[in-house]
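J.: Below is the structure, and that's it, no one-letter string:
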Ligand SMILES: Cc1cc2nc3c(=O)[nH]c(=O)nc-3n(C[C@H](O)[C@H](O)[C@H](O)COP(=O)(O)OP(=O)(O)OC[C@H]3O[C@@H](n4cnc5c(N)ncnc54)[C@H](O)[C@@H]3O)c2cc1C
Ligand code: SF4
């Protein structure tokens, strides 16, 4: 029997008072901490008699080191960082300024360059970065301010008093696979905070808890997601210039799936390439890691990578839903920022600048709350007003219907995108409806047995070991490591559904959509279908795809013991 992770009950936990706890040290969380520090410094120099302290402001980050769990493309739109740190170019790790961009439509053997790059994919003035390095740099700035970043500590649950969020419980450490305390057991802390700011990235686990508890998704479009599978390559010189940006649409996806690829030239002959597959595909056998492998067999991509070496691998989800999917972002004692709220422009494949800006606006709201000693819903709702009157809304409003327009396939999507571009994002109606992506998944009985046009995207990639790779080879390059002796952090609320229904109805799609081989159906003659779900949690790269894409919605990702996870060096 699999034992699943949950905070231990009936134990004494250390209590720690806090003014502000920021859960998640990605670009949004780090920007929030930095802005808060700037405001406190300015206040303290103007008001020597009423000093505010930074001592009780904490950032919790589940990775062992800052930035280790951060993965992105990445192109940085510098708009927000130049507001936060006007001198950022002096020492930020910027790999190259974008000098050239192109968008191609691919068929199996050819490519067609779009004569005009759509405005949302024009990247002159942006920078190629490694988000992992960029966040490390932001983290070092936060540490210089005196704000404490607790690395290796995950927020494992929110603390409530009625309708008020009163703090965060951190992960229990030193629990064995059976759920018993080991000799190194350390209970999680209860951080009793005036303000909790959730900056957990896409599909945050505490954010999910909050959204469910207060029914925050009501009246919103369901959030939809894509999963990006990324590889870093070292290629022979001269293949792609630093700062050269290529986007592709079309093959290997068919017109039924949503997604596309990016190829960014960085310095030192490093190429970032990846494929984002919309988590709203129909065939349960589709495997996003295989989609990337297939993409690399296109002659155009093969030529670029030939003679090169894959050096890193990773995967992460991203929220696609846009403006209409964003829940209320503030309430009694809490705010939500960055990808956790859904501040991502899917048309531009960009969210770093929106994450940073939302973090800054949340910091301004938290600063006011600290000054007034009032973190009530009324006080923190100023965050929503700040978002509404900022360039975040201005940017996202123009693309508010973009992903929904593709719900009926690529051609309909292009038609709607065209209409939306000439009508300020409106298209055929002000708010297009959306459906949760997992609801589009069909049962095995409803898809062609031979896979039809999707056949090359289905099932595990074999890989030739040079250009293409099977999942385990790829996974090795993610540097993922967890304490092995701990309960499973992938919670399946009813494993009978996996063994008795899913295996028959959907063919266990978790084996396909998980980019890290965490889920396996193993032989078990004792089960009605001869198979039983088995987990390899220590492979997990924290992409959250299983939490999003499980057709029965019985999977919940919770943070493992703090410190475990991928090691995204340079991603
Ligand atoms: C494949 C891909 C390509 C992308 N390309 C681009 C691009 O080119 N340009 C661009 O602007 N954007 C891009 N994005 C989007 C961009 O990466 C995100 O919008 C941005 O990283 C969001 O920042 P964040 O701080 O909200 O979340 P994240 O970057 O996800 O950071 C969240 C942090 O919180 C930590 N955390 C999560 N839960 C907990 C917890 N419970 N306790 C403690 N710590 C926790 C995580 O470990 C992580 O460090 C891309 C995204 C993907 C997936
Ligand atoms: S188990 Fe879930 S979160 Fe972990 S790598 Fe697989 S799909 Fe992603």
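T.: All right, it came through fine. Keep in mind that this is a model prediction, so the values were computed, not measured. Ligands and ions are numbered 1, 2, ... in the order given.
J.: dump the residue contacts of the residue of the stretch 151-300 of the chain found nearest ligand 2.
T.: Residue of the stretch 151-300 of the chain nearest ligand 2, by C-beta to the nearest ligand atom: residue 227 (8.1 Å). Placement of C-beta: from N, CA and C, glycine included. Under the criterion of C-beta atoms under 8 Å, 6 or more residues apart in numbering, the neighbours of residue 227 are 276-277, 279, 288, 315-318, 513, 515, 543, 545, 549.
J.: In helices, which of these appear?
T.: Those of these mapping onto helices are 288, 513, 545, 549, per DSSP state H.
J.: Looking at the stretch 351-500 of the chain, which residue is nearest ligand 2?
T.: residue 490 (5.0 Å).
J.: picking that back up, how would you label the residue of the stretch 151-300 of the chain closest to ligand 2: helix, strand or coil?
T.: Following DSSP: H, G, I helix; E, B strand; the rest coil, the label given to residue 227 is strand.
J.: Is any residue of the helix or strand hosting residue 312 near ligand 2?
T.: Applying DSSP states H and E as the criterion places residue 312 in strand 309-319. No: if you take C-beta under 6 Å from any ligand atom as the test, strand 309-319 misses ligand 2, and the best it gets is 6.5 Å.
J.: buried stuff in the helix or strand of the chain with the lowest mean pLDDT?
T.: When each helix and strand of the chain is scored by mean pLDDT, DSSP states H and E, helix 410-422 comes last, with a mean of 92. Buried residues in helix 410-422, counting neighbours by 16 or more other C-beta atoms under 10 Å, are found at 410, 413, 416, 417, 420, 421.
J.: which residues touch the fifth one?
T.: By C-beta under 8 Å, 6+ apart, the contact list for residue 420 reads 399, 401, 402, 405, 426, 427.
J.: Out of those, give me the one that has the most neighbours.
T.: residue 401 (27 neighbours; other C-beta atoms under 10 Å).
J.: ok, it to residue 325 distance?
T.: The spacing between residue 401 and residue 325, counted by C-beta to C-beta, to the nearest Å, is 11 Å.
J.: same check, this time on residue 177
T.: Where residue 325 is concerned, residue 177 sits at a distance of 37 Å (C-beta to C-beta).
J.: Comparing those two, which shows the higher neighbour count?
T.: residue 325 (22 against 14).
J.: Helices along the stretch 101-250 of the chain, start to end?
T.: 131-145, 205-213 (DSSP state H, counting those that start in this stretch).
J.: Now do the strands in the stretch 401-550 of the chain.
T.: With DSSP state E, counting those that start in this stretch, the ranges of strands along the stretch 401-550 of the chain come out as 490-492, 519-523, 531-535.
J.: My guess is residue 81 contacts residue 89. True?
T.: No: contact criterion C-beta atoms under 8 Å: residue 81 and residue 89 do not qualify, at 9.4 Å.
J.: quick revisit: greatest separation within the contacts of residue 227: which pair is it?
T.: 318 and 513 (14.7 Å; C-beta to C-beta).
J.: Now do the same contact list for the most centrally placed residue in the chain.
T.: The residue lying closest to the centre of the chain (C-alpha atoms, centre = their mean) is residue 202, at 3.7 Å. Contacts for residue 202 (C-beta under 8 Å, 6+ apart) come out as 225, 316, 317, 318, 319, 339, 340, 544.
J.: circling back: ok, the buried residues of helix 410-422 vs residue 110, which is closest?
T.: residue 410 (17.0 Å).
J.: Hmm, residue 255 and the closest one touching each other?
T.: Yes: using C-beta under 8 Å, residue 410 is in contact with residue 255, at 4.1 Å.
J.: Could you tell me the model confidence score at residue 408?
T.: pLDDT, residue 408: 88.
J.: what do you get for residue 362?
T.: Predicted confidence (pLDDT) at residue 362: the value is 98.
J.: and it, how many neighbours does it have?
T.: With other C-beta under 10 Å as criterion, residue 362 counts 33.
J.: Same question for the one 5 residues further on.
T.: Applying other C-beta under 10 Å, we find 21 other residues in the vicinity of residue 367.
J.: what sits against residue 91?
T.: residue 137.
J.: swap the cut-off to 6 Å and go again
T.: For residue 91, the contact set (C-beta atoms under 6 Å, 6 or more residues apart in numbering) is empty.
J.: now swap in residue 101 and tell me
T.: Contacts of residue 101 (C-beta under 6 Å, 6+ apart): 117, 123, 245.
J.: again with residue 339
T.: By C-beta under 6 Å, 6+ apart, the neighbours of residue 339 are 201, 202, 319, 351.
J.: Rebuild those residues as CSV, extending it with distance to residue 52 and pLDDT.
T.: Rendered in CSV, the data for those read as follows (distance: C-beta to C-beta, whole Å; pLDDT from 0 to 100):
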residue, distance to residue 52, pLDDT
201, 28, 98
202, 32, 98
319, 33, 98
351, 30, 98
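J.: do you know how far residue 445 is from residue 327?
T.: 35 Å.
J.: Neighbour count: these two, which is higher?
T.: residue 327 (20 against 9).
J.: which residues touch that one?
T.: Contacts of residue 327 by C-beta under 6 Å, 6+ apart are 211, 216, 217, 220.
J.: looking at this, it is in a strand?
T.: No: counting by three-state DSSP, residue 327 falls outside a strand, being coil.
J.: which residues of the stretch 151-300 of the chain fall in strands?
T.: Counting by DSSP E, counting those that start in this stretch, the stretch 151-300 of the chain has strands at residues 155-161, 164-170, 173-175, 181-186, 190-198, 225-234, 244-250, 259-265, 270-278.
J.: Revised request: answer the last question for the stretch 1-150 of the chain.
T.: 15-23, 57-61, 75-76, 96-97, 100-106, 111-113, 127-128, 148-151.
J.: Quickly run through the sheet partners of the first one, with directions.
T.: Strand 15-23 has the following sheet partners, assigned by DSSP bridges: strand 57-61 (parallel), strand 190-198 (parallel).
J.: how about the longest one: buried residues?
T.: By 16+ other C-beta under 10 Å, the buried positions in strand 190-198 come out as 190, 191, 193, 194, 195, 196, 197, 198.
J.: can you tell me which residues contact the second one?
T.: So the one you mean is residue 191. 16, 18, 21, 167, 168.
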